[in-house]
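**Q** pasting the sequence and the predicted coordinates here, then a few questions.
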There are 2 protein chains.
Amino acid sequence: MIREVARLAGVSLGTVSRVINGNPTVAPDIRQRVQAAIDKLGFRPNRVARSLRSQQSHTFGLVIPDVTNPFFAELVKSLDQSAGEFGYNIILGNAEESPTVEKRYIQMLADRQVDGLLVVPSVGTRTIKVDRDVKVVLIDRALPKHHVVLSDHRGGAKQAVTHLIGLGHRRIACIAGPQNLTVAVERWAGYRETMSRSGASATLLKSSWTEFANFDYSSAYDAARRLLARNPRPTALFASSDQQAIGALRAAADLGLSVPQDLSVVGFDDIPLSDLVSPRLTTVRQAVTDLSRVAIDTLIRLRKGESVSALQRIATEMRIRDSSGPCPDVGQPRAPRRRLGGGQHRVNDSPSKGARPK
Amino acid sequence: MIREVARLAGVSLGTVSRVINGNPTVAPDIRQRVQAAIDKLGFRPNRVARSLRSQQSHTFGLVIPDVTNPFFAELVKSLDQSAGEFGYNIILGNAEESPTVEKRYIQMLADRQVDGLLVVPSVGTRTIKVDRDVKVVLIDRALPKHHVVLSDHRGGAKQAVTHLIGLGHRRIACIAGPQNLTVAVERWAGYRETMSRSGASATLLKSSWTEFANFDYSSAYDAARRLLARNPRPTALFASSDQQAIGALRAAADLGLSVPQDLSVVGFDDIPLSDLVSPRLTTVRQAVTDLSRVAIDTLIRLRKGESVSALQRIATEMRIRDSSGPCPDVGQPRAPRRRLGGGQHRVNDSPSKGARPK
DNA sequence: ATGAAAGCGCTAACAT
DNA sequence: ATGTTAGCGCTTTCAT
């Protein structure tokens, strides 16, 4: 294979290798001759052999808990693209939210000599152990002693609740996520913090205004049913994920409640679907593209031996859509609210631009 | 590494290798001794080196048009699992529905010495070319001269339309998919075939009862708007994918039409979401698990040199849920009553249980 | 049943 | 600037 190219071009093995690798020490005419031979023979260097010899695969391993989760799916897509821009490929492992499966994948990827590991740890994972000295960057879920890139979940929750308060809502309930996930903890913390700061009375913060659910539709559906059965009933719901929020929309519909006339709902993530459910979902967008670029960049810098800060936060931004409207309790008095046209949708800019300290 | 194991166990390199590979010609006591050394040293064989030498990676490449598409996401998950059961891993490539990107991935995977290639060809791909002699199995979308595993899309469409006819519908419109995709062609064919067989008058089959759209929410939303603007208005919609169907649900909602009271909708694929939108979507389920297992099995058999039939069909099954109900025209003879309630949704059980011939 | 030795296809250190 | 040579870490003949 490579020998044939060398023979055809009348040069040695080494020179062909140098051409393949863009080594600048080859004379232009030779380079051309070799390239011609490569093209003519349709030669493609064997990446396995290259990896073995050069000890680098130009490949990152990516392990996520569930491809089927739209947020992770988008993350995969985005990471794949960012990696490509840096000349890397990605091997995906689907951990099925199981630390055991996750570990198996991580080992497999390490054995495959990946140049680095991107991991969204599954629920229950305490630490990532890698035999060989592969650099690891966590995404979206932090773990002690690891580099991590994640969205400002607390700030995002704050944006969401502030938005609802601005619409006149006071009885704002929360569907919180699993508390063994930092994401969920942070979002809940942002909710509580904003509620108490806003002067909402202490009673509103009783645990009865929060229900816990997993990050999926159905368990959030149940949580929403429980919350909406409360008396007095909440006028707004802050869900910790879009999937939860969509479950909540479904619960409201089943109870005969109109959104946003009877109830406002805000989600988190801005998955593609959130703009397509009925009513369209107001939500907090995670900047997946930034998340990806920073993660890849971090991994590359770590490989180079540069030191990178262990925690990197990516700002979120509100996407205001139809599922949130003025509080029914507040007839006119409170702040001007929008007119709810039938079927028309306006997308506002983020109302709190630059309102957060860095 | 492996030398250390050999030394510690007091055997040769070859023997350690034999133990790793489960070669039965090693004496039990030696095997035990070697295994102990392996465990003690935490030795993990380098997969790159193994691949290079043995010319097999125990890895399949998988190239799909878009991870973000819930159907493909589920396929990825399912294939990954099936592959695992056979001792294989999967490297994913996201082609972004572009033949160019797809080709790049396929080459990359071939250069990586994958043992086989699973491809869902992107729109526009005419054929899959692989330099090395890697076996290719297509999934879900056929291409001439290639092995393919796919659902019985035509049969599924037939099931769907038959279901609607059984509910009394006659003005059944169709949102067809892109006609450069066999899936879409087949589903549309199943629709037309069933319509004409059922004695629906020829006029109903005029092209005006079909609108074309991509397999996504928004373009299907537009198509549904166009169809529902027709006079007379269709009483039922057969969409070529769940995403399309959900777009149609949204269009119906925006037009003030209740589903299924004013309009029945049936989708295709049974993505997880279809059971969670409001109203729940009646749909045709693709047996993704079977699809995956057969695809992996085919690839393995092809590798062994066994001959496998070029086309393998997997049966579909109806999932009857709330979005399809009896035709409003039929209920009370003619009098078209119907109350356009404000945003209320009632969730009925399937009203036609057992009322249909097999 | 086990050991010795020859590579898999390439890259990189060393010559020239 | 180019050729030569020695491996990367394993598997797999071929001996024994």
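**A** Yep, it's here.

**Q** low-confidence bits of chain A, can you list those?
**A** A:199-208, A:330-358 (pLDDT under 70).

**Q** all helices of it, in order?
**A** A:2-9, A:13-20, A:28-41, A:47-54, A:70-85, A:99-111, A:153-166, A:182-197, A:217-228, A:242-254, A:288-303 (DSSP state H).

**Q** pick the most deeply packed of these.
**A** helix A:242-254 (a mean of 26; mean count of other Cβ atoms under 10 Å in any protein chain shown). (Glycine included, C-beta is placed from N, CA and C.)

**Q** I figured A:Leu181 hits A:Arg141, correct?
**A** Yes - the pair A:Leu181 / A:Arg141 is scored as a contact, 6.2 Å apart, by Cβ atoms under 8 Å.

**Q** what's the local residue count around A:Ala239?
**A** A:Ala239 sits with 31 neighbouring residues when counted by other Cβ atoms under 10 Å in any protein chain shown.

**Q** measure the residue lying closest to it once chain neighbours are set aside to A:Ser264 for me?
**A** Counting by Cβ to Cβ, 6 or more residues apart in numbering or on different chains, A:Ala239 lies nearest to A:Ala245, which is 3.8 Å off, once chain neighbours are set aside. From A:Ala245 over to A:Ser264 the distance is 11 Å, taken as Cβ to Cβ, to the nearest Å.

**Q** before we move on, back to that, could the helices of chain A go into CSV alongside distance to B:Val120?
**A** CSV is the format used below for these (distance: least, Cβ to Cβ, whole Å):
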stretch, distance to B:Val120
helix A:2-9, 33
helix A:13-20, 31
helix A:28-41, 30
helix A:47-54, 23
helix A:70-85, 15
helix A:99-111, 22
helix A:153-166, 34
helix A:182-197, 31
helix A:217-228, 26
helix A:242-254, 25
helix A:288-303, 23
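
**Q** I'd like to know which of these is closest to B:Trp209.
**A** helix A:242-254 (30.0 Å; Cβ to Cβ).

**Q** smallest distance to DNA strand C belongs to which residue of the stretch 251-358 of chain A?
**A** Proximity to DNA strand C, evaluated over the stretch 251-358 of chain A using Cβ to the nearest atom of the strand, is greatest for A:Arg303 at 14.3 Å.

**Q** contacts only, for that residue.
**A** Contacts for A:Arg303 (Cβ atoms under 8 Å, 6 or more residues apart in numbering or on different chains) come out as A:115-116, A:135.

**Q** what does A:Leu41 give?
**A** A:4-5, A:8.

**Q** with distance to DNA strand C added, can I get the residues you listed in TSV?
**A** Below are the contacts of A:Leu41 laid out as TSV (distance: Cβ to the nearest atom of the strand, whole Å):
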residue	distance to DNA strand C
A:Glu4	9
A:Val5	8
A:Leu8	13
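
**Q** ok, those vs B:Ala252, which is closest?
**A** A:Val5 (62.0 Å).

**Q** now the closest one: how far from A:Ile38?
**A** Using Cβ to Cβ, which is the criterion applied here, A:Val5 is 6 Å from A:Ile38.

**Q** what do these two both touch?
**A** With Cβ under 8 Å, 6+ apart as the test, A:Val5 and A:Ile38 both reach A:Val16.

**Q** if we can go back for a sec, check the gap between the residue nearest to A:Ala239 and A:Ala236 for me.
**A** In terms of Cβ to Cβ, A:Ala245 sits 12 Å off from A:Ala236.

**Q** overlap in contacts of the two?
**A** With Cβ under 8 Å, 6+ apart as the test, A:Ala245 and A:Ala236 both reach A:265-266.

**Q** still on that earlier bit, mutual contacts of A:Ala245 and A:Ser264, please.
**A** A:237, A:323.

**Q** interface residues of the stretch 51-200 of chain A facing chain B?
**A** A:51-52, A:57, A:66-68, A:70, A:73-74, A:76-77, A:80, A:89-94, A:96, A:107-108, A:110-113, A:131 (Cβ under 8 Å from any Cβ of the partner chain).

**Q** mind running it again at 7 Å?
**A** Applying Cβ under 7 Å from any Cβ of the partner chain, we find that the stretch 51-200 of chain A lies next to chain B at A:51-52, A:67-68, A:73-74, A:76-77, A:80, A:89, A:91-92, A:94, A:107-108, A:111-113, A:131.

**Q** if we can go back for a sec, among the contacts of A:Leu41, which one sits closest to A:Pro279?
**A** Nearest member of these to A:Pro279, counting by Cβ to Cβ, is A:Val5, at 62.1 Å.

**Q** pretty sure that closest one is touching A:Ala36, no?
**A** No - using Cβ atoms under 7 Å, A:Val5 is not in contact with A:Ala36, being 9.8 Å away.

**Q** A:Ala213 contacts A:Ser219, correct?
**A** Yes - A:Ala213 lies in contact with A:Ser219 (Cβ under 7 Å); the separation is 4.2 Å.

**Q** show residues contacting stretch A:283-293.
**A** Contact with stretch A:283-293 is made by A:74-75, A:78-79, A:82, A:139, A:149, A:151, A:156, A:159-160, A:242, A:245, A:266-270, A:274, A:314-319, as judged by Cβ atoms under 7 Å, 6 or more residues apart in numbering or on different chains.

**Q** next one: that stretch to chain centre, how far?
**A** Centre-to-centre, stretch A:283-293 and its host chain are 6 Å apart (Cα atoms, centre = their mean, to the nearest Å).

**Q** please apply the same query to stretch A:134-145.
**A** The answer for stretch A:134-145 is 13 Å, by Cα atoms, centre = their mean.

**Q** quick one: end-to-end distance for stretch A:113-122.
**A** Start and end residues of stretch A:113-122 are separated by 22 Å (Cα to Cα, to the nearest Å).

**Q** pull out the buried residues from that stretch.
**A** Residues of stretch A:113-122 classed as buried by neighbour count (16 or more other Cβ atoms under 10 Å in any protein chain shown): A:113-122.

**Q** next up, the contacts around A:Gly87.
**A** Counting by Cβ under 7 Å, 6+ apart, A:Gly87 has contacts A:His58.

**Q** wait, A:Asp270 sits on A:Arg319?
**A** Yes - in terms of Cβ under 7 Å, A:Asp270 counts as a neighbour of A:Arg319; the distance is 5.3 Å.

**Q** tell me which of the two has more neighbours.
**A** Taking neighbours as other Cβ under 10 Å, A:Asp270 and A:Arg319 compare with A:Asp270 leading, 24 against 20.

**Q** chain neighbours aside, what residue packs nearest to that one?
**A** A:Asp270 sits nearest to A:Arg285 (Cβ to Cβ, 6+ apart), 3.7 Å away.

**Q** ditto for A:Gln179
**A** Nearest one to A:Gln179, counting by Cβ to Cβ, 6+ apart, is A:Val185 at 5.7 Å.

**Q** from A:Leu143, how far off is the one you found?
**A** 13 Å.

**Q** A:Val288 now?
**A** 20 Å.

**Q** can you check A:Leu75 too?
**A** 17 Å.

**Q** near A:Ile139, how many other residues are there?
**A** So A:Ile139, with other Cβ under 10 Å, has 26 neighbours.

**Q** give the contact list for A:Thr210.
**A** A:174, A:176, A:188 are the contacts of A:Thr210 under Cβ under 7 Å, 6+ apart.
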